[in-house]
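Trainee: Need a 3D model of the following:
(one chain, ligands or ions: 1)
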Amino acid sequence: MDDLYREHLLDHSKHPRNHGTLDAPDCEAEGKNPLCGDEVEIDVALADGRIASIRFTGHGCAVSQAATSMLTELVDGMAAEEAAALPSQAIIDELGIPLSAMRVKCAVLGLGTLKVALHRGAGTPLPEEWGVDDEMVWG
Ligand code: FES
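Mentor: Below is the predicted model of the structure:
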């Protein structure tokens, strides 16, 4: 079973989904893990309170980039409010492989960045418990 998940991860890492940028995003954010320098940038277009389109770019480890790719598929069409409240476990489950504490940071880099973008777009404060490490840097 682990092998299937590993293949899934490698596939997303080699062929990231929704890769690129949007011309006129409704909200956007950048996230960086200062421990390794890995980054993702996420653009989101909204329609009727839902994620109508999402694109990401970035560089870094296979887990951070594959998890962000999986995330874009997971939240495509989802209510923005729901996506902004997604627990870290949702993306950890998508990855489906055992993750060390360090690797969890890789897994949630994209999710944290998406949450920053969505809350910024909605003008709402980030929830205190939003599942992402304070060490991360957002822009
Ligand atoms: Fe940097 Fe994974 S090693 S996010």
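
Trainee: got a list of what the residue nearest the centre of the chain touches?
Mentor: Closest to where the C-alpha atoms of the chain average out (CA atoms, centre = their mean) is Gly110, at 2.4 Å. Counting by CB atoms under 8 Å, 6 or more residues apart in numbering, Gly110 touches 31, 40, 42, 56, 58, 64, 67-68, 71-72, 91. Where C-beta positions appear, they are placed from N, C-alpha and C, glycine not excepted.

Trainee: what's the farthest-apart pair in these?
Mentor: Farthest-apart pair in the contacts of Gly110 is Gly58 and Ile91; separation 14.7 Å (CB to CB).

Trainee: between those two, who's got more neighbours?
Mentor: Ile91 (24 against 21; other CB atoms under 10 Å).

Trainee: quick one, phi psi at that one?
Mentor: phi -80, psi -30 (degrees, to the nearest 10).

Trainee: Figure out the helix or strand that the nearest residue to it once chain neighbours are set aside lives in.
Mentor: In space, and not counting its chain neighbours, Ile91 is closest to Leu111: 5.0 Å by CB to CB, 6 or more residues apart in numbering. Using DSSP states H and E, Leu111 falls within helix 101-122.

Trainee: chain center to the next helix or strand after that helix, what's the gap?
Mentor: Next helix or strand after helix 101-122 toward the C-terminus (DSSP H and E): strand 137-138. Distance of strand 137-138 from the chain centroid (CA atoms, centre = their mean, to the nearest Å) equals 13 Å.

Trainee: cool, and stretch 46-63?
Mentor: With CA atoms, centre = their mean, you get 7 Å for stretch 46-63.

Trainee: so where's this protein uncertain?
Mentor: The chain contains residues with pLDDT under 70 at 1, 127-135, 139.

Trainee: how about the residues of it that lie near the ligand?
Mentor: For the chain, the contact set with the ligand under CB under 6 Å from any ligand atom comprises 33, 36, 38, 60-61, 63-64, 106, 109.
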